[in-house]
Each structure stands twice: as structure tokens, then as C-alpha cells.
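In: predicted model, plus sequence, below.
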Amino acid sequence: MKIRRSRSDLIFDILNLGICIIIFLLVLYPLVYVASASISSPLAVLQGRMVLWPLEPRISAYTDVFKHQDLMMGYRNSLMLVILGTVTNIALTFFGAYILSRKDLFGRTFLTMIFALTMFFSGGMIPTYLVVKKVGLLNSMWAMILPGAISMYNLVVMRTYFQTAIPDSLIESAEADGASQLYIMFRIILPLSKSIIAVICLFYGVAHWNQYFQALLYLSSRAKYPLQLFLREILLLSQVQDLVDTQGFADQVLQGEAIKYALIIVASVPVMAVYPFIQRHFVKGVMLGAIKG
């Protein structure tokens with residue numbers, strides 16, 4: 001039976017589509033502009049002649065970026081930080097969320113409230129720095145991983161997913177068959193939690209990739225700097241002279257502008273490349289994990 005749509009429904013659909021298109025264009029334009037500016041003539045960009053599509057295309061900015069040792073070292077350090085940090089974060093969050101989701105856990109409500117306080121109150125920058133220094137984590141990658149190893153927000157989302165998306169009868173039947181808690185976690189809960197794990201991995205991975213303030217506090221060796229610290233030096237402090245081979249000051253300024261745009265693209269590519277593979281899990285995981293438990 002065909003359902004007739006009212007006039008108000010059609011108006012709503014048109015307005016909704018129009019708003020979505022406007023938002024899409026507002027989000028897409030800066031991305032296209034930066035990508036075009038990175039391969040356009042720097043003079044055309046500075047003069048405002050390049051509006052959307054590249055003018056006088058060239059790849060010299062990317063050539064200068066990829067031959068710079070510090071940037072490649074930062075790229076490698078950031079990739080290691082994302083991989084190691086995300087694995088650590090997701091493992092601890094998974095264990096914590098599963099434990100807090102068990103209804104037979106003694107004091108579960110009290111423990112959840114205590115953990116939730118960390119969402120609103122923290123130890124502060126100086127006390128945290130002193131703790132990191134006391135345990136000997138300064139100037140190491142673990143200093144950027146362990147202090148924030150578990151995000152309480154992500155833990156609550158994952159815990160709620162376990163409580164709402166996985167039936168209690170499934171766990172009870174496994175326990176009745178003599179399954180241990182480790183068997184239930186890894187053979188039942190884990191395979192059924194791929195969507196929420198993909199979402200939490202994205203949250204943690206992007207946070208680690210964009211991390212630079214903790215590196216400023218805890219890292220003293222330039223060889224351990226993540227990519228974001230090198231980007232900060234170049235984008236905020238305008239230190240592009242080392243990346244440019246040209247001798248003239250004007251040429252350095254022009255090429256420096258192109259390098260800034262190229263660096264933004266280089267830093268954004270990993271996240272943009274990963275997102276399409278987990279997009280199909282994203283909406284499902286967020287919706288199921290966001291239901292109030």
C-alpha cells in the first residue's frame with residue numbers, strides 16, 4: 001500500500017535536504033581549498049586568484065616535505081604512538097567496560113560513580129607532570145599513553161553497548177555450560193562488539209594522532225617528537241626555511257606558504273584513509289552505545 005506524503009512532509013524533506021547540502025558544502029570547501037592550495041602556485045594563492053581549483057599545478061611543496069628528515073621522523077613517531085596507544089587504550093577500556101557491565105559485580109554503581117568523577121575533575125597539569133616524572137616516564141612515548149590510558153566517556157559508551165546490545169541470556173547460558181569469564185570475554189563478547197570497538201578505536205586513534213600538548217610537556221628529545229609538534233613549529237612559528245632549498249627570501253616565503261598547505265594534507269591523510277573502512281560500523285556503534293543504561 002502506497003503511503004501518501006503530506007505537503008508539510010515534502011516541505012520538511014526539501015528543507016532538510018537543503019540544510020544538509022549547505023553543511024556539506026561548508027565542510028567540503030575548506031578541504032578542497034587546502035588540497036588545491038598545496039599544489040597551486042604560491043603566488044596565485046597569496047594574491048587570492050585561486051578560489052577552488054588549482055592554478056599552475058606543481059608538486060614541489062610535497063617534494064620538500066617528504067625529503068625533510070624531521071618530518072618523516074615525526075610521521076613515524078606519530079604512527080607508532082597511534083598504534084601502540086590505541087591498542088593499549090582499547091584493551092584497558094574493553095576490560096573495564098566488561099567488568100562494569102556485569103550486574104553481579106559487587107559495588108558496581110559505586111565504582112561507576114567514582115570513575116565518572118574523572119570526567120569532571122582531574123589531578124591538574126602540574127600534579128600529573130610530577131607523577132609522570134616520579135615514575136620515570138618523562139621523555140618516553142608511554143608518558144603520552146598511560147596518563148590518559150582510559151577515557152571514561154569511551155568506557156561508559158562501551159559499557160552501555162554491552163548492557164543493551166548483548167543479551168544477558170547469552171552470557172547466562174555460557175556460564176551454565178561452564179564457560180569461564182575469560183572465555184566469555186574473548187569468545188562471545190569480543191566478536192559481538194566489532195562495531196563499538198571500531199568506533200572507540202577511531203576516537204582514541206584520532207586523539208593520539210592530534211596529540212601535541214602532552215608531547216610539549218613530557219618530551220625533551222627531538223628524535224621522539226610526534227608529527228604534530230613539527231607542524232606546530234612550521235604553522236605557528238613559521239619555521240619553513242629548513243624545508244626550502246631556494247636562496248631568495250621572497251622565494252622562501254612563497255614556497256613556505258605552499259609547504260604549510262602540503263603539511264596539512266600530509267597530516268590529514270591517515271585519518272581520512274582509515275575512516276571509510278570503519279564508517280559502516282560508526283553509526284551502529286555510536287547509536288547502540290549511546291543508549292542510556
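Out: Okay, I see it. Since the structure is predicted, the reported quantities are computational estimates derived from the model, not experimental observations.
In: distance from stretch 204-212 to the middle of the chain?
Out: 5 Å (C-alpha atoms, centre = their mean, to the nearest Å).
In: quick one: low-confidence ranges for this protein?
Out: 1-4, 235-256, 278-293 (pLDDT under 70).
In: walk me through the domains of it.
Out: Domain ranges of the chain: 1-58, 60-289, per automatic domain parsing.
In: tabulate the ones you listed in a markdown table, adding columns for mean neighbour count.
Out: Every residue, glycine included, has its C-beta placed from N, CA and C. Output for those, formatted as a markdown table (neighbours: other C-beta atoms under 10 Å):
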| stretch | mean neighbour count |
| --- | --- |
| domain 1-58 | 12 |
| domain 60-289 | 16 |
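In: I'd like the distance between residue 176 and residue 170.
Out: From residue 176 across to residue 170, the span is 11 Å (C-beta to C-beta, to the nearest Å).
In: what of residue 231?
Out: 46 Å.
In: one more: residue 117?
Out: In this view, residue 117 and residue 170 are 32 Å apart by C-beta to C-beta.
In: residue 86 against residue 203, yeah?
Out: No: because the distance of 9.3 Å does not satisfy C-beta atoms under 8 Å, residue 86 is recorded as not touching residue 203.
In: please, where are all the helices along the stretch 51-200 of the chain?
Out: 60-66, 69-101, 108-116, 125-134, 152-165, 168-176, 181-184, 194-209 (DSSP state H, counting those that start in this stretch).
In: for residue 51, find the nearest of these.
Out: Closest to residue 51 of the helices of the stretch 51-200 of the chain, according to C-beta to C-beta: helix 60-66, at 18.9 Å.
In: check the offset of that closest one from the chain's centre.
Out: 25 Å.
In: also stretch 82-100?
Out: Computed by C-alpha atoms, centre = their mean, the chain-centroid distance of stretch 82-100 equals 15 Å.
In: hmm, who's touching it?
Out: With contacts defined as C-beta atoms under 8 Å, 6 or more residues apart in numbering, stretch 82-100 is touched by 105, 108, 111-112, 115, 141, 144-146, 149-151, 154-156, 158-159, 161-162, 185, 189-190, 193, 197, 200-201, 204-205, 208-209, 270.
In: please repeat the previous calculation with a cut-off of 6 Å.
Out: With contact meaning C-beta atoms under 6 Å, 6 or more residues apart in numbering, stretch 82-100 is reached by 112, 145, 149-150, 154-155, 158-159, 185, 200-201, 204-205, 208-209.
In: out of the residues you listed, who's nearest residue 41?
Out: residue 209 (30.1 Å).
In: residue 23 is nearest to which of the helices of the stretch 51-200 of the chain?
Out: So among the helices of the stretch 51-200 of the chain, helix 194-209 is nearest, using C-beta to C-beta, at 20.3 Å.
In: just want the angle from the closest one to helix 69-101.
Out: On the basis of axes from the mean of the first three to the mean of the last three C-alpha atoms, to 10 degrees, helix 194-209 is oriented at 140 degrees to helix 69-101.
In: quick one: helix 194-209 to helix 152-165, angle?
Out: 170 degrees.
In: other SSEs contacting helix 194-209?
Out: Packing contacts for helix 194-209, counted by 3 or more C-beta pairs under 6 Å, 6 or more residues apart in numbering; DSSP states H and E, involve helix 69-101, helix 152-165, helix 249-289.
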